[in-house]
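Undergrad: coords please:
(one chain, ligands or ions: 2)
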Amino acid sequence: SDFNSDKRHRASEEAQHRPAETLSAHRQLYERNFPLYKQPVEVGFFSLDSHRNFFNDQRQLRYYVEPRKSCPDFNLRDGYTNRFVKRDDGVKEKLDHMLKWILANRDKIKTRDQTSSSSSALGVDFVTWRGHLTKVLTTPYETQEGWMLAASKFRGTIYISEVETEAARANRVTRSERQEEMMYWGYKFEQYTCADGADGTPDPGGVVNTNEAFCTVVQTRLADHKLLFSGEVDCRVKDAPPAPGCYVELKTSAEICTPKQRSNFHRYKLLKWWAQSFLPGVPQIVAGFRDHDGIVVSIQTFQTSKISQLIKNEQNCWKPTVCMNFCNDFLSFVKSVVKEDDPRLVYLLEWDPHRDVTYTVHRDSPFTFLPEWYVKDTRS
Ligand code: 0WD
Ligand code: CA
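TA: Ligands and ions are numbered 1, 2, ... in the order given. Prediction:
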């Protein structure tokens, strides 16, 4: 009987610790108090040059130059055919640039509030791109695009890297000429509003090369999840608080002419803009509104912290607390699922609109994303 009760005890233990198979994304489940989200701290940065080479410095950081008129003469189509070098978006870099940063800067990661419960070599629970977290935050409101996120645990830290869905790949390879050109417009707007140096002026006559990037690396905590992530930053303002408080996100968007367009802008676009900038603590977003011919008709600055006030008049609108509570629960779900510490093992988390988050497990598959040079490095 001792044996039996012991067995029963173990069975119930097992049931309690068995991870949930799925996670719901229903927004009503996440209407709770806003979870703790610590002020993001910049712990480093890196640059990618015109050939996508990594540099452990700020050489690609640009400076925001306020347009001289609120309606400047920016033609976003200029240079598309003859002064544009486009990054090859068929090349999947996964977390590689972040991992290079980690190998070169592991001493910069703050382990001050490391508790005994976190037993990872890096002192963080998750390493990922900011863009991946943006997708998680907006999931309860997303009705169009699903996602696939690969997760592996290595020395106690869970790394999360996106896998392109079949639908996203199909969109990418069948983009129309018009769509291709409109993707350029955002980068052209950056060229009109950014200078290389603190006292420089923008050079709209130069080449737009989308290989070039400046990325901030920030550390923060969402409830009990310690996060280290990196995001691309468009530019900074000259006289401003230290990073990330000095950073500016640049956006372009179709001009708003009707109440319906305004409502759609608030409900869909501002959600994505807010999530992306809130995560790394980027305080302002400068938007260029353009017409169908790519002419900028107005420029407007949004304070990231005021966006949720701005949309409160919209009925059935999104709520920051739902986004953050879902992200918190998603990361808890990932922790409960990703148990085995093995960089060759991938837990593939998948979500499609109107479905729950599910996962599958893959050993030594094409989904494996932590490179040999990272897992072999004796310092990590
Ligand atoms: O290889 C991959 N599958 C990915 C690589 C997926 C996502 C990101 N990346 C890398 C790239 O190295 C890039 O430099 O991430 C960096 C940007 O990461 P992020 O900041 O986490 O991404 P996100 O917030 O989605 O995008 C920020 C900006 C975009 O600006 P807008 O205003 O359009 O949101 O980064 C650019 C784009 O300018 N961008 C990308 N650049 C390179 N590769 C990518 C991408 N895949 N996606 C967006
Ligand atoms: Ca941007």
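
Undergrad: Run a quick neighbour tally on residue 139.
TA: Using other Cβ atoms under 10 Å, residue 139 has 23 neighbouring residues. Heads up, the C-betas are built off the backbone N, CA and C, glycines and all.

Undergrad: for it, phi and psi?
TA: phi -50, psi -40 (degrees, to the nearest 10).

Undergrad: now the helices for this structure?
TA: 2-17, 96-105, 130-138, 166-173, 177-193, 259-264, 270-278, 307-310, 320-337, 372-375 (DSSP state H).

Undergrad: The longest one packs against which elements?
TA: The contact analysis (3 or more Cβ pairs under 8 Å, 6 or more residues apart in numbering; DSSP states H and E) places helix 320-337 against helix 130-138, strand 157-163, strand 213-222, strand 225-232, helix 270-278, strand 345-351.

Undergrad: just how off-centre is the fifth one within its chain?
TA: Shown here is helix 270-278, whose average C-alpha point lies 10 Å from the average C-alpha point of the whole chain (Cα atoms, centre = their mean, to the nearest Å).

Undergrad: Mind checking if it is in reach of ligand 1?
TA: Yes: Helix 270-278 reaches ligand 1 (Cβ under 6 Å from any ligand atom) through residue 276.

Undergrad: could you check the angle strand 225-232 makes with that helix?
TA: 100 degrees (axes from the mean of the first three to the mean of the last three Cα atoms, to 10 degrees).

Undergrad: And for the last one?
TA: Relative orientation of strand 345-351 versus strand 225-232 (the same axes, to 10 degrees): 80 degrees.

Undergrad: re the thing from before, so can I have JSON lines of the helices and strands packed on helix 320-337 showing mean neighbour count, mean pLDDT and distance to residue 29?
TA: Below are the helices and strands packed on helix 320-337 laid out as JSON lines (neighbours: other Cβ atoms under 10 Å; pLDDT from 0 to 100; distance: least, Cβ to Cβ, whole Å):
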{"stretch": "helix 130-138", "mean neighbour count": "21", "mean pLDDT": "99", "distance to residue 29": "15"}
{"stretch": "strand 157-163", "mean neighbour count": "22", "mean pLDDT": "98", "distance to residue 29": "22"}
{"stretch": "strand 213-222", "mean neighbour count": "21", "mean pLDDT": "98", "distance to residue 29": "17"}
{"stretch": "strand 225-232", "mean neighbour count": "22", "mean pLDDT": "98", "distance to residue 29": "18"}
{"stretch": "helix 270-278", "mean neighbour count": "23", "mean pLDDT": "98", "distance to residue 29": "18"}
{"stretch": "strand 345-351", "mean neighbour count": "21", "mean pLDDT": "98", "distance to residue 29": "14"}
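
Undergrad: quick one, which of the helices of the chain is nearest to ligand 2?
TA: helix 177-193 (6.0 Å; Cβ to the ion).

Undergrad: Report the mean confidence score over that closest one.
TA: Helix 177-193 shows a mean pLDDT of 98.

Undergrad: Return the set of buried residues in it.
TA: 181, 182, 184, 185, 186, 187, 188, 189, 190, 191, 192, 193 (16 or more other Cβ atoms under 10 Å).
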